[in-house]
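Enquirer: sequence and predicted structure are below.
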Amino acid sequence: MASRHLSRSIAMQSLYEWDFSEKEKDLKEITERNIEEFGSKLEDKTFIWSLVVGIVEHIKEIDNVIRTSAPQWPLDKVSIVDRNVLRLGIFELLYSDKNAVPPKVAINEAIELAKSFGGENSGKFINGVMGTVYDLIEPKNEVKDK
């Protein structure tokens with residue numbers, strides 16, 4: 001598993017546990033434990049921390065984007081895995097350096113996480129929501145009349 005994909009997996013699993021505990025548990029402790037258990041061989045763990053810290057800093061904005069992009073799914077009814085995969089993917093779409101993480105990479109990584117950790121329809125759900133978010137943030141290329 002590539003190191004950035006593994007880092008995203010660790011971040012998502014940490015956010016999942018934190019969210020599952022209704023944000024009662026210490027996210028720093030959860031993340032440190034998951035890094036030790038799943039990512040001890042990673043040379044650079046800063047990417048994990050940038051994801052976790054960034055998502056928490058922007059969680060209200062990210063959750064509002066989810067509500068807007070999937071209005072038929074109240075946030076508390078979205079599975080915990082899917083909710084946190086969306087948080088991670090949307091964070092990367094909105095707040096990451098586009099040269100380091102192009103939008104299509106952020107979307108693809110979110111879909112892969114959903115397929116790995118989510119339910120049977122998670123990949124399709126994440127793809128739909130992430131596509132909606134992408135369409136909202138990316139200017140459309142207009143066809144010019146000749």
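Expert: Yes, it's here.

Enquirer: and the helices in this structure?
Expert: 3-20, 27-38, 46-57, 59-69, 80-95, 103-117, 122-137 (DSSP state H).

Enquirer: so how far is the first one off the chain centroid?
Expert: The one in question is helix 3-20. 9 Å (Cα atoms, centre = their mean, to the nearest Å).

Enquirer: then stretch 28-44?
Expert: The answer for stretch 28-44 is 18 Å, by Cα atoms, centre = their mean.

Enquirer: run through who's touching it.
Expert: Stretch 28-44 is contacted from outside by 3, 6-7, 9-11, 13-14, 17-18, 45, 48-49, 52, using Cβ atoms under 8 Å, 6 or more residues apart in numbering. Yep, even glycine has a C-beta here, placed from its N, CA and C like the rest.

Enquirer: repeat that for 10 Å
Expert: Contact with stretch 28-44 is made by 1, 3-4, 6-7, 9-18, 20-21, 26, 45, 47-49, 51-53, as judged by Cβ atoms under 10 Å, 6 or more residues apart in numbering.

Enquirer: can you say which of those residues are buried?
Expert: In those, burial by neighbour count holds for 4, 6-7, 9-18, 45, 47-48, 51-52, counting by 16 or more other Cβ atoms under 10 Å.

Enquirer: name the nearest residue to residue 47, ignoring sequence neighbours.
Expert: Spatial nearest neighbour of residue 47, excluding adjacent residues (Cβ to Cβ, 6 or more residues apart in numbering): residue 7 at 4.4 Å.
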